[in-house]
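Student: how would this look folded up:
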Amino acid sequence: MTNASDGVSIAMLTKCYLPFAANNVTVETNAKMSLVLENLFGLVWKTGGIAWGQDLQSAVEKGVKARNDRTKPRKADRPKPDADTDAARVILARSGQRLVTMMSVIKFDDEEGIDW
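Tutor: Model (predicted):
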């Protein structure tokens, strides 16, 4: 099912967007990507277009891990502490937590038959 006004489907999110990190290794870029994915996921959810499924759960978890792993500094690249990078790491972590939490709520809704 596609969200008619946004042109986004859960199949598109599952296969093309959610499981991936940004092409860039910066924390800032991956944090921005995570926020965009979180909002797209929310738009599709609002239209009632999301049912819990193992493929979707795996895509969300894989993507959160990929974006976090992609931004881990390598030992050879020991960067100097930077307030912007630290803030982006917090944003990335919280966005990932929200995506996983949304999946938990969707699973609970499906199991309990709750209609918001």
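
Student: buried residues in the helix or strand hosting Ala31?
Tutor: Ala31 belongs to helix 27-46 when elements are defined using DSSP states H and E. Of the residues in helix 27-46, those buried by neighbour count under the rule 16 or more other CB atoms under 10 Å are 27-34, 37-38, 40-41, 44-45. Placement of C-beta: from N, CA and C, glycine included.

Student: this structure: helices as residue ranges?
Tutor: Listed in chain order, the helices of the chain (DSSP state H) span residues 10-12, 27-46, 54-70, 83-112.

Student: by mean pLDDT, flag the weakest helix or strand of the protein.
Tutor: When the helices and strands of the chain are scored by mean pLDDT, DSSP states H and E, strand 2-3 comes last with a mean of 49.

Student: where in the chain is pLDDT low?
Tutor: Scanning the chain for pLDDT under 70 picks out 1-6, 49, 73-81, 113-116.

Student: before we move on, back to that, JSON lines for the buried residues of helix 27-46, including distance to Ile10?
Tutor: What follows is the buried residues of helix 27-46, written out as JSON lines (distance: CB to CB, whole Å):
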{"residue": "Val27", "distance to Ile10": "28"}
{"residue": "Glu28", "distance to Ile10": "27"}
{"residue": "Thr29", "distance to Ile10": "24"}
{"residue": "Asn30", "distance to Ile10": "22"}
{"residue": "Ala31", "distance to Ile10": "23"}
{"residue": "Lys32", "distance to Ile10": "22"}
{"residue": "Met33", "distance to Ile10": "18"}
{"residue": "Ser34", "distance to Ile10": "18"}
{"residue": "Leu37", "distance to Ile10": "12"}
{"residue": "Glu38", "distance to Ile10": "14"}
{"residue": "Leu40", "distance to Ile10": "10"}
{"residue": "Phe41", "distance to Ile10": "9"}
{"residue": "Val44", "distance to Ile10": "6"}
{"residue": "Trp45", "distance to Ile10": "9"}
